[in-house]
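Participant: Test case, fold it:
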Amino acid sequence: MRIMVSCPSNRYPDWDMMATLHQAIFVALHQGYMVDFRVPNFGTSNMAFARQKELARFLKTGADFLFMVDDDVSVPKHTLTRLASHDKDIVGGVVRKKQKMCQVCADVVGSLDDNLRKKRMVRANSVGTGCTMVKRALVERMIGHFPELEYDLNGETHYGLFMPMIVDRRIILCDYAFCERAKTVGAEIWLDHEILCTHWGRIGFGFGQGGEDARP
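Facilitator: Numbers count the residues shown, from 1 in each chain. Model (predicted):
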């Protein structure tokens, strides 16, 4: 089983984030996974563009899963192995919003807190890509379903699966636009109640208890 780790950035990632991500990679390698990882610096804040460049690289690697993580999110050490083990189209960790700690970077079905207390997987309508695993088979279905999103960039084929879109007069940005397109081809989206992440700003916006602490 092979995982490509994607962390596009236009700056140096947080030290805490890199330390925990390396722990997660070491755990995956120890358990027999193959992991492809580098931190590309695109020099742009256009995350749709950056994600799509990484998506093109993912398709060339032959990896089974694409793991996307933001450069300011720390993850538990079993993140890669646990998310891959679910074999879901899209499954993410739980990431708090920086400015609204009572909210998470996802549109959750039902009560998040209730699912966390009962230690259950959480269904979602969409999830941010701060800590998210995507199955290769899903990406291939999406490419086949949206041929109009294929474009050339510097002689390489790219796919605009993260391009923002408008639905019911609302602008949906790149992460959530990807999820909307994924649902069109029958994808299910989940959050793992045990992958509780820390979202770094001036302080770490995390959980404190209830799951493995996402710190080095």
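
Participant: List the contacts of the most centrally placed residue in the chain.
Facilitator: Nearest to the mean C-alpha position of the chain, counting by C-alpha atoms, centre = their mean, stands Thr132 at 2.4 Å. Contact partners of Thr132, counting by C-beta atoms under 8 Å, 6 or more residues apart in numbering, are 67-69, 90-93, 175. All C-beta spots, glycine's among them, are computed from the backbone N, C-alpha and C.

Participant: From Glu150, how far off is the nearest residue to Ser6 once chain neighbours are set aside?
Facilitator: Leaving aside its sequence neighbours, Ser6 sits nearest to Glu54 (C-beta to C-beta, 6 or more residues apart in numbering; 4.3 Å). According to C-beta to C-beta, to the nearest Å, Glu54 and Glu150 sit 16 Å apart.

Participant: Of those two, give the one with the bigger neighbour count.
Facilitator: Between Glu54 and Glu150, counting by other C-beta atoms under 10 Å, Glu54 is the more crowded of the two (20 against 12).

Participant: Hmm, Val5 and that one touching each other?
Facilitator: No. Applying C-beta atoms under 8 Å, one finds Glu54 not in contact with Val5, separated by 9.8 Å.

Participant: pLDDT wise, what is Gln103 at?
Facilitator: At Gln103, the model reports a pLDDT of 77.

Participant: how about the nearest residue to it, chain neighbours excluded?
Facilitator: Lys97 (4.8 Å).

Participant: neighbours of the one you found, just the number please.
Facilitator: Count around Lys97 with other C-beta under 10 Å applied: 15.

Participant: so how far is Asn125 from it?
Facilitator: To Asn125, Lys97 is 16 Å away according to C-beta to C-beta.

Participant: Over to Leu59?
Facilitator: For Leu59 relative to Asn125 (C-beta to C-beta), the value is 26 Å.
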